[in-house]
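Asks: here you go, sequence then predicted model.
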Amino acid sequence: MTTRQIDQAAFGVVYGSITVLAVHPPIEHPGRQAIMLFLAVFAVALAKAFAEICERVLQSGQSANWSDIGEVWQHAQTVLIAANGPTLAFVLAAAGVISGDMALLLAQILVFGLLAYFGARIGWSVSGTMFGMAVGVAVTGGIAGLVSLLKFVAH
């Protein structure tokens, strides 16, 4: 993947990463956790794609065609990228390779790592400075932390 492709995937990956933090239920069984996590993020990706198609139809006043649907799905599927690593961590736990607690920790590290990367890219794009990168990481990390805290309080 080129830097441009990665940057174009930023919306979906950041959105998906924050979604992963918001939707994963407490660990009961790691295999079930993997399935639930992936399906929840997949459902969000489908909802995002459908909402974008609806928006296009309302703005254009024309029916969506297969090209529109393909373009929208290509954009929406980047949300799933963020679910792959955490899902794999829970698959490894289900297979007995790592513990459920280790899978949860690994999943969170992967998600926060993605968010830190994109936060740094955003900060660099805006300011071109290390300080800007640090601010970008702090903002994305802060939002992710807030989402995690809200999920914790809700459960």
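Replies: Ah, there it is. Numbering: from 1, shown residues only.

Asks: quick one: least confident helix or strand in the protein?
Replies: helix 3-8 (a mean of 57; mean pLDDT, DSSP states H and E).

Asks: average pLDDT across the one helix or strand residue 125 maps to?
Replies: Assigned by DSSP states H and E, residue 125 belongs to helix 100-127. With pLDDT averaged residue by residue, helix 100-127 scores 86.

Asks: buried residues in it?
Replies: For helix 100-127, a neighbour-count test (16 or more other CB atoms under 10 Å) marks 100, 103-104, 106-108, 110-112, 114-123 as buried. For every residue, glycine as well, the C-beta is placed using N, CA and C.

Asks: biggest helix in this structure by residues?
Replies: With residue count as the measure and DSSP state H as the assignment, the chain has helix 30-60 as its longest helix.

Asks: which strands and helices sit next to it?
Replies: Using 3 or more CB pairs under 8 Å, 6 or more residues apart in numbering; DSSP states H and E as the contact test, the elements touching helix 30-60 are helix 10-23, helix 66-76, helix 78-94, helix 100-127.

Asks: nearest to residue 133, of those?
Replies: helix 100-127 (4.1 Å; CB to CB).

Asks: next helix or strand past that closest one?
Replies: On the C-terminal side of helix 100-127, the nearest following helix or strand under DSSP H and E is helix 130-154.

Asks: any regions of this structure where pLDDT drops low?
Replies: Along the chain, the parts satisfying pLDDT under 70 run over 1-27, 154-155.

Asks: same thing but 80
Replies: Per-residue confidence of the chain (counting by pLDDT under 80) places the weak regions at 1-28, 75-83, 147-155.

Asks: re the thing from before, how about CSV for the helices and strands packed on helix 30-60, with distance to residue 32 added?
Replies: Converted to CSV, the helices and strands packed on helix 30-60 look like this (distance: least, CB to CB, whole Å):
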stretch, distance to residue 32
helix 10-23, 14
helix 66-76, 25
helix 78-94, 8
helix 100-127, 11
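
Asks: how much space separates residue 145 from residue 53?
Replies: To residue 53, residue 145 is 33 Å away according to CB to CB, to the nearest Å.

Asks: those two: which is more packed in?
Replies: Each of residue 145 and residue 53 has its neighbours counted (other CB atoms under 10 Å); residue 53 has more, 18 against 13.

Asks: understood, closing this out.
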